[in-house]
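1. sequence first, predicted model second:
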Amino acid sequence: EANITTAAGDVGIFQSTGANTVQCISYTKADGTSVVSAGIGTIPVLSVRASADQTGIATSTITKVTMATEVIDSNSDYTGGVWTPTEAGKYLVKGNVQVEGLSDDDNVRIYIYQNSTAMARTFIVCGTQGSITPEVVAILDMDGTSDTADIRAWHDHGSDANFGYQGVSCPHMQAFKIAE
């Protein structure tokens, strides 16, 4: 059920669904704009990714992942590697990182941080030498003014490792609003 504000020249098609009830099948505004739902409105969307390898990642140190390429930032909320959404609500946040230069049985953790606090973590053990790409997902309640989110990672290789740049797929961080 919704109310539609009408104007001269709008065209609507309605059908009767019973006594004193009608259903709108189609509605076109005279100026060509859409009828907007009273739901969450325009949904803020973020998609950022790395543009190069991030090298020299110290062992046993939680390190922020550098993502310099904005693919989509609908509200211009991503600055300096930190996302600060300007609309309050609940957001689905996802990220991944390829950690390179690992050995058998090295451990890797990837985190979603909100305001410098780890809110979600994925832990994975490398089965063979080389690299591994863990992914992490969380739902964060963001205040729309000062809450921030970023992706961080950790490894226990024993010496420096790299966060590998794999083009459009990795590393990346994505987020979008799912509820008020």
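-> Structure received. Residues are numbered from 1 along each chain as shown.
2. now for this protein, the helix or strand with the poorest mean pLDDT.
-> Least confident helix or strand of the chain, by mean pLDDT, DSSP states H and E, is strand 21-28 with a mean of 74.
3. partners of it, with directions?
-> strand 11-18 (antiparallel) (DSSP bridges).
4. all helices for this protein, in order.
-> Under the criterion DSSP state H, the chain carries no helices.
5. quick one: furthest residue from the center of it?
-> Distance from the centre of the chain peaks at residue 19, with 45.7 Å (C-alpha atoms, centre = their mean).
6. that one and residue 25, how far apart?
-> Distance, residue 19 to residue 25, using C-beta to C-beta, to the nearest Å: 19 Å. Any C-beta I mention is one placed from the backbone N, CA and C, and that applies to glycine too.
7. same deal with residue 173?
-> Distance of residue 173 to residue 25, computed by C-beta to C-beta: 41 Å.
8. cool, and residue 149?
-> Distance from residue 149 to residue 25, by C-beta to C-beta: 41 Å.
9. give me the more crowded residue out of those two.
-> Ranked by neighbour count (other C-beta atoms under 10 Å), residue 149 and residue 25 place residue 149 first, with 24 against 9.
10. wait, isn't that one in contact with residue 93?
-> Yes. Using C-beta atoms under 8 Å, residue 149 is in contact with residue 93, at 5.7 Å.
11. list the buried ones in stretch 85-102?
-> Using 16 or more other C-beta atoms under 10 Å as the test for burial, stretch 85-102 gives 85, 87, 89, 91, 93-102.
12. for the record, mean pLDDT for that stretch?
-> Across stretch 85-102, the average pLDDT comes to 94.
13. number of residues surrounding the residue lying closest to residue 9 once chain neighbours are set aside?
-> The shortest distance from residue 9 to any non-neighbouring residue, by C-beta to C-beta, 6 or more residues apart in numbering, is to residue 30 (2.9 Å). If you count neighbours by other C-beta under 10 Å, residue 30 ends up with 11.
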